[in-house]
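>>> Provide a 3D model corresponding to the input given below.
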Amino acid sequence: MPSGKVQGCISGVKSFAEVVAPFVYSPLTALFLSNDAPFYFPGFSLLCISLSWMIGFLQSILIKDVPSATLNNEISNTSNEEA
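Prediction:
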(Lines give C-alpha, C1' and ligand atoms only; values in the text may rest on other atoms or scores of the structure.)
Protein backbone atom coordinates (compact mmCIF):
# COMPACT_ATOMS: atom_id res chain seq x y z
CA MET A 1 0.00 0.00 0.00
CA PRO A 2 1.56 3.32 -1.01
CA SER A 3 2.33 5.70 1.81
CA GLY A 4 -0.15 8.28 0.47
CA LYS A 5 -3.05 5.90 1.12
CA VAL A 6 -1.81 5.22 4.64
CA GLN A 7 -1.45 8.94 5.35
CA GLY A 8 -4.96 9.54 4.02
CA CYS A 9 -6.36 6.78 6.21
CA ILE A 10 -4.62 8.17 9.30
CA SER A 11 -5.84 11.66 8.47
CA GLY A 12 -9.41 10.40 8.11
CA VAL A 13 -9.32 8.60 11.45
CA LYS A 14 -7.84 11.67 13.12
CA SER A 15 -10.50 13.95 11.65
CA PHE A 16 -13.27 11.59 12.77
CA ALA A 17 -11.82 11.46 16.28
CA GLU A 18 -11.60 15.26 16.47
CA VAL A 19 -15.32 15.50 15.68
CA VAL A 20 -16.50 12.66 17.95
CA ALA A 21 -14.29 13.30 21.02
CA PRO A 22 -16.12 16.43 22.29
CA PHE A 23 -19.46 14.62 22.07
CA VAL A 24 -18.09 11.78 24.20
CA TYR A 25 -15.86 13.50 26.73
CA SER A 26 -17.91 16.64 27.46
CA PRO A 27 -20.91 14.73 28.91
CA LEU A 28 -18.52 12.34 30.67
CA THR A 29 -16.75 15.25 32.33
CA ALA A 30 -20.06 16.90 33.25
CA LEU A 31 -21.33 13.65 34.77
CA PHE A 32 -18.33 13.16 37.04
CA LEU A 33 -18.24 16.81 38.11
CA SER A 34 -21.93 16.80 39.06
CA ASN A 35 -23.50 15.66 42.32
CA ASP A 36 -25.04 12.61 40.59
CA ALA A 37 -21.70 10.96 39.73
CA PRO A 38 -21.65 7.15 39.99
CA PHE A 39 -18.52 7.43 42.17
CA TYR A 40 -16.29 10.29 43.27
CA PHE A 41 -13.56 10.72 40.68
CA PRO A 42 -13.49 14.26 39.22
CA GLY A 43 -10.63 13.38 36.84
CA PHE A 44 -12.31 10.30 35.35
CA SER A 45 -12.59 11.79 31.85
CA LEU A 46 -8.89 12.69 31.94
CA LEU A 47 -8.11 9.12 32.93
CA CYS A 48 -10.14 7.84 29.97
CA ILE A 49 -8.32 10.19 27.60
CA SER A 50 -4.90 9.16 28.90
CA LEU A 51 -5.80 5.47 28.61
CA SER A 52 -6.89 6.06 25.00
CA TRP A 53 -3.56 7.75 24.27
CA MET A 54 -1.64 4.87 25.86
CA ILE A 55 -3.55 2.26 23.85
CA GLY A 56 -2.82 4.17 20.65
CA PHE A 57 0.85 4.55 21.61
CA LEU A 58 1.23 0.84 22.36
CA GLN A 59 -0.42 -0.06 19.07
CA SER A 60 1.94 2.27 17.21
CA ILE A 61 4.93 0.55 18.81
CA LEU A 62 3.70 -2.81 17.49
CA ILE A 63 3.65 -1.63 13.86
CA LYS A 64 6.42 -3.36 11.91
CA ASP A 65 8.31 -1.54 9.18
CA VAL A 66 8.49 -3.81 6.15
CA PRO A 67 10.71 -2.29 3.46
CA SER A 68 9.77 -3.06 -0.11
CA ALA A 69 11.78 -5.70 -1.96
CA THR A 70 12.47 -3.43 -4.95
CA LEU A 71 14.00 -0.77 -2.73
CA ASN A 72 16.26 -3.33 -1.04
CA ASN A 73 17.37 -4.70 -4.43
CA GLU A 74 18.17 -1.21 -5.72
CA ILE A 75 20.21 -0.44 -2.61
CA SER A 76 22.07 -3.76 -2.89
CA ASN A 77 22.79 -3.23 -6.59
CA THR A 78 24.06 0.29 -5.97
CA SER A 79 26.33 -0.89 -3.15
CA ASN A 80 27.75 -3.71 -5.27
CA GLU A 81 28.46 -1.36 -8.18
CA GLU A 82 30.36 1.09 -5.99
CA ALA A 83 32.54 -1.62 -4.39
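
>>> in this protein, which helix has the most residues?
helix 3-33 (DSSP state H).

>>> any idea which helix or strand comes after that helix?
helix 44-61 (DSSP states H and E).

>>> Next, work out how far apart residue 56 and residue 7 are.
16 Å (Cβ to Cβ, to the nearest Å). To be clear about C-beta, it is placed using only N, CA and C from the backbone, and glycine gets the same treatment.

>>> where does the residue nearest to the spatial centre of the chain sit relative to residue 39, distance-wise?
Note on the chain: the residue nearest the mean C-alpha position is residue 56, at 4.4 Å, using Cα atoms, centre = their mean. Residue 56 sits 26 Å away from residue 39, going by Cβ to Cβ.

>>> how much distance is there from stretch 25-41 to the middle of the chain?
26 Å (Cα atoms, centre = their mean, to the nearest Å).

>>> what's in contact with it?
42-45, 47-49 (Cβ atoms under 8 Å, 6 or more residues apart in numbering).

>>> Could you tell me the end-to-end distance of that stretch?
The first residue of stretch 25-41 is 14 Å away from its last residue (Cα to Cα, to the nearest Å).

>>> All set now, cheers.
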